[in-house]
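Colleague: using only what follows, build the 3D model:
(chains A and B)
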There are 2 protein chains.
Amino acid sequence: MVERTDEQHAQKMKKRQAAQAKIVASKTLEKGLVIVHTGTGKGKTTAALGMAIRAIGHGKKVGIVQFVKGAMATGEKAVFDRFPDLVEFLPMGDGFTWDTQDRAQDIASTRRAWDEVKRMIADPSYAMVVADELNIVLRYDYLPLSDVLEALAAKPAMTHVVITGRNAPEGLIAVADLVTEMGLVKHPFREQGVKAQAGVEF
Amino acid sequence: MVERTDEQHAQKMKKRQAAQAKIVASKTLEKGLVIVHTGTGKGKTTAALGMAIRAIGHGKKVGIVQFVKGAMATGEKAVFDRFPDLVEFLPMGDGFTWDTQDRAQDIASTRRAWDEVKRMIADPSYAMVVADELNIVLRYDYLPLSDVLEALAAKPAMTHVVITGRNAPEGLIAVADLVTEMGLVKHPFREQGVKAQAGVEF
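Modeller: Alright, predicted model coming up:
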């Protein structure tokens, strides 16, 4: 870094403050966002849970539907259960496709879960709807992308919809407002033989 | 995708289940992880909050120190306040460097915040310690990286330490177990003039 005196630092920061204020002043729009977390790294679901927590903390109602995870004692469930008026948390998956080994069942489960997401998106009392691992079932063609795009196009203006899962389809990215790609840099599950642990993976 | 009959699907998934079972069986290690969320995209802090929520949900104690954010009414704070026995949440920043305009003050605040992180890491009663935006103050040279590496090297075996912020230093990535790079694909703040919104950004 360039060495600066404290006085030079203060001058530079004063200029930067003015520039930042100008940027902030130019951002005036409030709108419900379509948010996509994709990529092969960790943090897609976890960041969606973090956003849900922020919304709940502001007294906003959140709906969360999980497409792959089924009923299991996750840490997030224990916390959401403490806010019954604000969170509807529906883990509706049957587990991994290699565990069910039944495509017809997986498709039926996907449809049931999607119907819940659709209901929540259409209901403006939900400030945020999280469709966790939706990208996975889209990738498997268990649900047509057109159904999802249709529901998003018709969503109430202020509703945030958060969609997670690797391999987000191009058509979804095209309509999204905020897309983050979680990239895998280092993962101990692969590299060190570390197992999934409470508090980190679930 | 390749078209398969339901029977072919079941066969393929059976094989995959066996392969997955083998992988899971090979992962036996449990250990406290050094976790880094970096990159220019969103989700670094949010995913750390999600992990904290998971840990809390499992009844584990979590310490969170924020290096840039100061006391403000965030959604996460309102939720953490509901779990006083499990969460110590310390927003200890003075705000952005361009708002303080005072390097000596920023360095002093950084040092105070780091002392809290060090205390939490050294205390095995904390299952997880989050140092939010620590990478930022490392980047500004407000804290020497060697202090951080020393604390991590001496941490209790089962403690997870989560460090966030763009521009994670190479030396930190080298010792980390799990590193995710949050990449910016699309951001409405920049592209559409959307302002920071409750439930999404705070």
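Colleague: please make it C-alpha for all contacts and neighbour counts, starting now.
Modeller: Will do.
Colleague: tell me which helix or strand in chain A has the weakest average pLDDT.
Modeller: helix A:188-191 (a mean of 73; mean pLDDT, DSSP states H and E).
Colleague: quick one: buried residues of that one?
Modeller: In terms of neighbour count (16 or more other Cα atoms under 10 Å in any protein chain shown), helix A:188-191 has its buried residues at A:Pro188, A:Phe189.
Colleague: anything in that helix near chain B?
Modeller: Yes: contact of helix A:188-191 with chain B is found when judged by Cα under 8 Å from any Cα of the partner chain, involving A:Pro188, A:Phe189.
Colleague: let me see the ranges of the strands in chain A.
Modeller: A:34-38, A:62-66, A:87-91, A:128-132, A:160-164, A:178-186 (DSSP state E).
Colleague: wait, which of those strands is closest to chain B?
Modeller: strand A:178-186 (4.6 Å; Cα to the nearest Cα).
Colleague: which strands border that closest one, and is each parallel or antiparallel?
Modeller: Applying DSSP bridges, strand A:178-186 is found paired with strand A:34-38 (parallel), strand B:178-186 (antiparallel).
Colleague: what's the shortest one in contact with?
Modeller: In this structure, residues lying in contact with strand A:34-38 by Cα atoms under 8 Å, 6 or more residues apart in numbering or on different chains are A:44-45, A:48, A:152, A:160-168, A:173, A:175-182.
Colleague: tell me where the model's unsure across chain A.
Modeller: A:1-2, A:190 (pLDDT under 70).
Colleague: helices of that one, start to end?
Modeller: Taking DSSP state H as the test, the helices found in chain A are A:6-26, A:44-57, A:75-80, A:97-100, A:103-122, A:134-139, A:145-153, A:170-175, A:188-191.
Colleague: does the third one come close to chain B?
Modeller: Yes: with Cα under 8 Å from any Cα as the threshold, helix A:75-80 lies in contact with chain B, specifically through A:Gly75, A:Glu76, A:Lys77, A:Ala78, A:Val79.
Colleague: try the fourth one
Modeller: Yes: with Cα under 8 Å from any Cα as the criterion, chain B is reached by helix A:97-100 at A:Thr97, A:Trp98, A:Asp99.
Colleague: returning to that earlier point: turn the strands of chain A into JSON lines, including mean neighbour count.
Modeller: JSON lines is the format used below for the strands of chain A (neighbours: other Cα atoms under 10 Å in any protein chain shown):
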{"stretch": "strand A:34-38", "mean neighbour count": "27"}
{"stretch": "strand A:62-66", "mean neighbour count": "24"}
{"stretch": "strand A:87-91", "mean neighbour count": "19"}
{"stretch": "strand A:128-132", "mean neighbour count": "26"}
{"stretch": "strand A:160-164", "mean neighbour count": "26"}
{"stretch": "strand A:178-186", "mean neighbour count": "22"}
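Colleague: got CSV for the ones you listed, with distance to B:Ile35 too?
Modeller: As requested, these are exported to CSV (distance: least, Cα to Cα, whole Å):
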stretch, distance to B:Ile35
strand A:34-38, 19
strand A:62-66, 25
strand A:87-91, 26
strand A:128-132, 22
strand A:160-164, 21
strand A:178-186, 9
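Colleague: now tell me what touches stretch A:136-156 from outside.
Modeller: With Cα under 8 Å, 6+ apart, stretch A:136-156 has contacts from A:32, A:34, A:67, A:106-107, A:110-111, A:118, A:121-124, A:165-169, A:171-172, A:175.
Colleague: report the central residue of chain A.
Modeller: When Cα atoms, centre = their mean is applied to chain A, the residue found nearest the centroid is A:Ala48 (3.5 Å).
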